[in-house]
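# Just a sequence and a predicted model for now, questions to come.
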Amino acid sequence: MSASGDRRAAPPEAASAGGLDRPHPTSAIAIQASGLSAGYGGREVLQDVSLTLHDGEILCLIGHNGAGKSTLLRVLFGLHRPSAGRIAVFGQTLANHAPAALGAAGVALVPEGRGVFPDLTVEEIFGLALWSAGVPKSGQRERIEEVLEVLPRIKEFRTRRAGTLSGGQQQMVSIGRALLTRPRALLTDEPSIGLAPKLFQDLIRPIAELRRSRGMAILLVEQNVREAFAVSDRVLVMRSGRFIFEGAPSELDDHARLMELF
């Protein structure tokens, strides 16, 4: 992987850190982006950004508010059109780089702010997601059971309307909705917002385990660096629309060094 910044990354095999026994990411590439630039109303937000997300890898993206992290995820998932650059998904450049095509290719997004429908029950939200993904009714129960194995607490409130749920419960629903499509790559935008550290830990570790059990690639945009680093293989730091650091989480154990990058 290459990134614009002040240093080169260690290869994925050398990037594991934290307390987990991580498998090495494979050499296969889930998402490859090169030379991305994007902005809003003539204001450039991303500037010549390139990244590679490998199969079976958790890549953590951090940076100050307004650095361009969410814009990058929106571009990768086809919600915002870049002004320059190319994106390949599992080795292919899609003719129509839009959410529906990306979902069909095996990419899912957990958006910032959860994005659940407050007037629908959890079961209805899941049903809508399965219908949108074109999953036949004969296979829907199996998909839901798979999600409940990963996030079993959803069983406690699956018949309740999403608007009555706590922030943590809504985040579980948002992640569960994404997992229903059996994605090969999962993009997550600030999943810890509004959650207590312990709840975020209980939420992120089962998701990280999917990297081991399914070979899922995960791009994790997160501000809770301690918990995010504990499950990540590599870290990218973004400042003002560019990458300024790329390496292993252990390289940022020095709090002073981390603060310099922010």
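Good, I have the coordinates. Numbering: from 1, shown residues only.
# Tell me which residues touch Gly85, please.
Remark: with contacts taken as C-beta atoms under 8 Å, 6 or more residues apart in numbering, Gly85 is in contact with Ala33, Ser34, Gly35, Leu36, Ser37, Ala38, Asp48, Val49, Ser50. C-beta coordinates here come from the backbone N, C-alpha and C atoms, glycine included.
# can you tell me how far the first one sits from Ala105?
I take that to be Ala33. In this structure, Ala33 and Ala105 are 14 Å apart, going by C-beta to C-beta, to the nearest Å.
# So for these two, which sits in the more crowded spot?
Neighbours were tallied for Ala33 and for Ala105 using other C-beta atoms under 10 Å; the higher tally belongs to Ala33 (20 against 15).
# Which neighbours in the sheet does the strand or helix carrying that one have, and how are they oriented?
The secondary structure element spanning Ala33 is strand 29-40 (assigned by DSSP states H and E). Strands that pair with strand 29-40, judged by DSSP bridges, come out as strand 43-54 (antiparallel), strand 84-89 (antiparallel).
# Can I get the first one in CSV, CA atoms only?
So the one you mean is strand 43-54. What follows is strand 43-54 as a C-alpha-only set of coordinates in CSV (Å, rounded to 0.1, in the frame of the first residue of the first chain):
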residue,chain,number,x,y,z
ARG,A,43,-13.6,23.5,-1.9
GLU,A,44,-11.2,20.6,-2.1
VAL,A,45,-11.4,18.1,0.7
LEU,A,46,-9.4,15.1,-0.5
GLN,A,47,-6.1,15.8,-2.2
ASP,A,48,-4.5,13.1,-4.3
VAL,A,49,-5.3,10.3,-1.8
SER,A,50,-4.3,6.7,-2.5
LEU,A,51,-4.9,3.6,-0.3
THR,A,52,-5.1,-0.1,-0.4
LEU,A,53,-7.3,-2.3,1.8
HIS,A,54,-6.2,-6.0,1.7
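# quick one, which of the strands paired with strand 29-40 is packed in tightest?
The densest packing among the strands paired with strand 29-40, expressed as mean neighbour count by mean count of other C-beta atoms under 10 Å, is seen in strand 43-54 with a mean of 19.
# So what's the gap between that one and the chain middle?
Distance of strand 43-54 from its chain centroid, counting by C-alpha atoms, centre = their mean, to the nearest Å, is 15 Å.
# Kindly report the same for stretch 227-242.
Mean-position distance between stretch 227-242 and its chain equals 11 Å (C-alpha atoms, centre = their mean).
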